[in-house]
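Novice: I would like to see how this sequence folds:
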Amino acid sequence: MTSTAVVNQKGGVGKTKLTINVGGALAETGARVLLVDLDPSGYLTDALKVAPADGFTLAEALTSSRRARVEPVRHSTTGAGGVLDVLPNTAAMLTVARELDKLRGREQRLARVLAPLDGDYDQVLIDCPPTLDVVTDNALTYVQRVLIPVQAEDTTLKALQLLLAQIAAVDEFLRTDPLVLHGMVVSLLRRPASVYARSVLADLDRLAEQAGLPILGTVPLSVVVTEAARHGRTVVDYAPTSHHAEVYRALAQTLETAR
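Specialist: Coordinates of the predicted model:
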């Protein structure tokens, strides 16, 4: 099983849509895929129109004093035999970070929750919250790899530097093996790119070379992505011949190749 955190503490960079649609593209190839909604906003849960199964919610399992099993919810299956399952969240996730700060082993709570699901999936993708808090640290402690959505904006460069520093700290203090950085995905890019956007992209290229963090693809701003979410579907299912579907398939292939 390969696990990847989709992470950037800057909000509005397309984390949730990237998680959903790369997950959908992986399932299309026949992979068993689990999406974990760690963002208290619950956008992934809402976009895929799923609700928690009976039993412990993700928030309850993360903060429970005993081992509590959570049950993934089936979103869809594909013709190739793939599945797309979701661990949805609830409004209770809003207080999880505060509760975790009081607990022992606080950064390993997600790993404990997901351990019973080992072997059930080929790929796990985690939609992280837009903060560098203990919930994000849980994701970074659990996963093997990181995928970073960015935008062609100056604020992205500062946020990226902070994120890389956080990843380095997690590697040093919470992990035995360092995280593998898949790379960056430029999201929500208006076409044609403005002079300002091209300048920021050039800076990202330089940072990518310095940090060994390649730009893996670009997802242009388009209504097809929001339309798919409105219908609770992935782009590869909703608009399989679209340019965006091909972008997500290429990103899924990158994750598969890195296994």
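
Novice: hey, let's count contacts and neighbours off CA atoms from now on
Specialist: Noted.

Novice: where does this protein have low pLDDT?
Specialist: 259 (pLDDT under 70).

Novice: which one's the longest helix in it?
Specialist: If you go by DSSP state H, the chain has its longest helix at helix 154-173.

Novice: for it, packing partners?
Specialist: helix 134-142 (3 or more C-alpha pairs under 8 Å, 6 or more residues apart in numbering; DSSP states H and E).

Novice: Between helix 154-173 and the helix it packs on, find me the angle.
Specialist: Orientation check (axes from the mean of the first three to the mean of the last three C-alpha atoms, to 10 degrees): helix 134-142 against helix 154-173 gives 60 degrees.

Novice: distance between the helix or strand that helix 134-142 is followed by and the chain's centre?
Specialist: Downstream of helix 134-142, the next assigned helix or strand under DSSP states H and E is strand 145-150. Computed by C-alpha atoms, centre = their mean, to the nearest Å, the chain-centroid distance of strand 145-150 equals 8 Å.

Novice: can you pull out the helices in the protein?
Specialist: In the chain, the helices defined using DSSP H lie at 15-28, 43-47, 58-63, 96-100, 109-114, 134-142, 154-173, 195-211, 223-230, 235-238, 243-257.

Novice: what's around residue 232, how many residues?
Specialist: Neighbour count for residue 232, taken as other C-alpha atoms under 10 Å: 18.

Novice: so what's it closest to, chain neighbours aside?
Specialist: Nearest residue to residue 232, sequence neighbours excluded (C-alpha to C-alpha, 6 or more residues apart in numbering): residue 48, at 4.3 Å.

Novice: Tell me, how many residues neighbour the one you found?
Specialist: As a burial measure, residue 48 scores 20 neighbours (other C-alpha under 10 Å).

Novice: could I get the helices of the chain as TSV with distance to residue 125 and mean neighbour count?
Specialist: Listed next are these as TSV, based on distance: least, C-alpha to C-alpha, whole Å; neighbours: other C-alpha atoms under 10 Å:
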stretch	distance to residue 125	mean neighbour count
helix 15-28	6	26
helix 43-47	11	21
helix 58-63	15	24
helix 96-100	20	17
helix 109-114	12	20
helix 134-142	10	25
helix 154-173	17	15
helix 195-211	22	15
helix 223-230	17	17
helix 235-238	16	22
helix 243-257	10	19
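
Novice: Tell me which of those helices approaches residue 84 most closely.
Specialist: Using C-alpha to C-alpha as the measure, helix 15-28 is the one of the helices of the chain that comes nearest residue 84, at 6.0 Å.
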